[in-house]
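>>> Structure for this input, please:
(one chain, ligands or ions: 1)
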Amino acid sequence: MDVQQLIQHLPQNVDLTSAAAASFAAFLAVHLGPYAWDRYHLKSIPGPFWAKFSDAWLAWVAANGHRSEEVHKLHEKLGPVVRIAPNHISIADPDALQIIYAHGSNTLKKSNFYDAFVSIRRAIFNTREKADHARKRKIVANTFSQKNVIEFEPRVRIYVGQIIDQWDRLSKLAAADGSGDEGESGWYGKDERLWLDVLPWMNYLAFDIIGDLAFGQPFGMILKAKDSAPVAVSQDAAMDSYGKECKVIEVPAVKILNDRGDYNATLGTMPPWVRPYVRKLPWFSQGSEAAASVAGMAVAAVSRRLTTPTDRVDILSKLQQGKDENGEIMGPEELTAEALTHLVAGSDTTANSSCAIIYYLAAYPHVQEKLQKELDEALGSEDEPVTTYEQVKRLTYLEVVILEVLRLHSTIGLGLPRMAPEGGLTVHGTYFPEGTILSVPTYTLHRDKRVWGDDPEIFRPERWFEENSAKMHKAFNTFSFGPRACVGRNLANLELLIIVSSLLRRYDFVLKNPGDALGTCEGFLRKPTDCWVGLRRRAL
Ligand code: HEM
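The predicted structure is shown next:
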């Protein structure tokens, strides 16, 4: 009998305040303790005391919003192999990336952590079965081929142009009256600068781009300067109405997605049999409602596309055309689940990364100047405010600035959990039985002195030009490796190059509070909490 079966046999009405219940708990601890201690045959691996017995330690750390930092501290104290849950081992070793994530017939399956992220139905990100995933991946990988991504570029440039128009407009207002406040994104003028929090703006930008590409129309957040997007009133009603119009309302999509990531990342650390009960707790039930609203956005978008066919080139149209190896296209529900996945996977990741890039450039003025010099030399007298991919794709300093921020900020910093296959697996000289959950913590890997030298905490883009840069690229895990690596990397790369080069060519940035670190809060993603900067038009 395992622990789960045992608990199901417990009396239903135990009064936990009574002495009898306390004795019973003590009895369980004494008799189950040794079993719990070594039920996975991992007792020799160091880790926090409570993590050996229960998933609660990891769930608690995840819910507190600093999982990557906490796991990093453990590795600093206990070494490269650490037990972070009874059956979950974190391995901070660059060589482990190839074993745990890389291509090959023995590719490890994603763990049940990903079940917490299922909404509508399984999509490419949370499909765990290899054959099902390979089918979806074939269609989706084609959607994000470099050739297709170049076709998406004009749509990306529209929204970068909109944000520049907005910042130019607000700069003029700020210069005219010296202060002001608009929409949700409060701003003010002082010292000839426009002061604002760039985080919401980067969210509006990423959401409008991905809304346009994955849902067929932008949310209009940049123009409204507001976190607001249309969703179907009821997911169930909308699911029945494919091919017909469905009623929509406006909701704060950025907030909803943030809630969804935080909630799912904590839920995913818990055993599956606990999750239905935990979902009923207040914080989680709010998260469930948020997740349903997000699903409603995708339903409304796909329903609209099926109602009104179009010849526009976007992610949705490429997905609609995509065929699996049997020549089958995706049905409406599968299409909706994939479109939703692209909204989730392609919005916050890009927004957080762009925000972190602006933070580091504002915090390190000499890097900002060097980058602007490179941009000025490359762009010459070009006066179109939005750069093109062609103009900036070979700018080496721009490339290493982006790489260095992605390394340090690591918007996906936590170890992505995979399951040891049949027959078990040896990693870093240790054997792990079948079913052990293994992960490589990106945040820690990106601070490994064996790879990055003696100053891994320092923002220094020049490191990427040094002799051991091949080793750095091998350990750079921002987009993961292997068959489950980021399928949208080409798009992310194009977006970041255009966003950063356009904004840095036009404005210079200073931090509102120089010396302040970038505050973060982690769910599935490490998100900046805010990033207040003063920006000013450059004289070109
Ligand atoms: C800076 C931006 C981005 C970063 C850092 C990033 C990072 C990642 C990482 C680390 C994974 C692996 C997740 C896991 O195994 O659990 C992943 C998967 C994925 N990403 Fe990205 N991503 C970014 C942008 C995008 C964009 C723009 C899209 C598409 C619009 C996208 C779509 C996906 C999808 C669909 C998956 C699941 C792939 C699969 O399981 O086969 N990502 N991403």
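>>> Give me every residue in the stretch 1-150 of the chain lying close to the ligand.
Ile124, Phe125, Arg137 (CB under 6 Å from any ligand atom). The C-beta positions use only the backbone N, C-alpha and C, and glycine is treated the same way.
>>> Correct me if wrong, but the first one is in a helix.
No: read with DSSP: H, G, I helix; E, B strand; the rest coil, Ile124 is coil and lies in no helix.
>>> what residues are up against it?
His133, Lys136, Arg137, Val140, Glu338, Thr341, Val487 (CB atoms under 8 Å, 6 or more residues apart in numbering).
>>> Okay, and which of those map to helices?
His133, Lys136, Arg137, Val140, Glu338, Thr341 (DSSP state H).
>>> Tell me which helix or strand Ser285 sits in.
helix 282-307 (DSSP states H and E).
>>> So which bits of that helix are buried?
By neighbour count on 16 or more other CB atoms under 10 Å, the buried set for helix 282-307 is 284, 287-288, 290-306.
>>> With stretch 136-151 instead?
Burial within stretch 136-151, assessed by neighbour count using 16+ other CB under 10 Å, is assigned to Lys136, Arg137, Ile139, Val140, Asn142, Thr143, Phe144, Asn148, Val149.
>>> What are the boundaries of the helices in the stretch 401-540 of the chain?
For the stretch 401-540 of the chain, the helices defined by DSSP state H, counting those that start in this stretch occupy 442-445, 449-452, 469-475, 489-506.
>>> Tell me which of those sits most buried.
helix 442-445 (a mean of 26; mean count of other CB atoms under 10 Å).
>>> Contact residues of the stretch 251-400 of the chain facing the ligand?
Contact residues, the stretch 251-400 of the chain versus the ligand (CB under 6 Å from any ligand atom): Thr341, His342, Ala345, Gly346, Thr349, Thr350, Ser353.
>>> Widest-spaced pair of those residues?
By the measure CB to CB, Thr341 and Ser353 form the most distant pair in those, at 18.2 Å.
>>> ok, which stretches of the stretch 301-450 of the chain are strands?
Using DSSP state E, counting those that start in this stretch, the strands of the stretch 301-450 of the chain run over 418-419, 425-427, 430-432, 437-439.
>>> Show residues contacting the last one.
Same thing as strand 437-439. By CB under 8 Å, 6+ apart, the surrounding residues in contact with strand 437-439 are 85, 87-91, 96, 100, 108, 111, 113, 414-420, 425, 427, 432.
>>> quick one: low-confidence ranges for the stretch 201-350 of the chain?
In the predicted model, the stretch 201-350 of the chain carries pLDDT under 70 at residues 232-248, 287, 290-291.
>>> switch the cut-off to 50
Residues of the stretch 201-350 of the chain that meet the criterion pLDDT under 50 lie in 235, 237-243.
>>> Tell me the residue of it that sits nearest the ligand?
Residue of the stretch 201-350 of the chain nearest the ligand, by CB to the nearest ligand atom: Gly346 (2.6 Å).
>>> which ones are touching that residue?
Residues in contact with Gly346 (CB under 8 Å, 6+ apart) are Ala206, Ile210, Leu213, Ala214, Gly488, Leu491, Ala492.
>>> Repeat that for Val198.
Cys355, Ile358, Tyr359, Cys531, Trp532, Val533.
>>> how many neighbours does the last one have?
By that I understand Val533. 23 (other CB atoms under 10 Å).
>>> what bridges to it?
For Val533, the beta-bridge partners under DSSP bridges are Leu196, Leu511.
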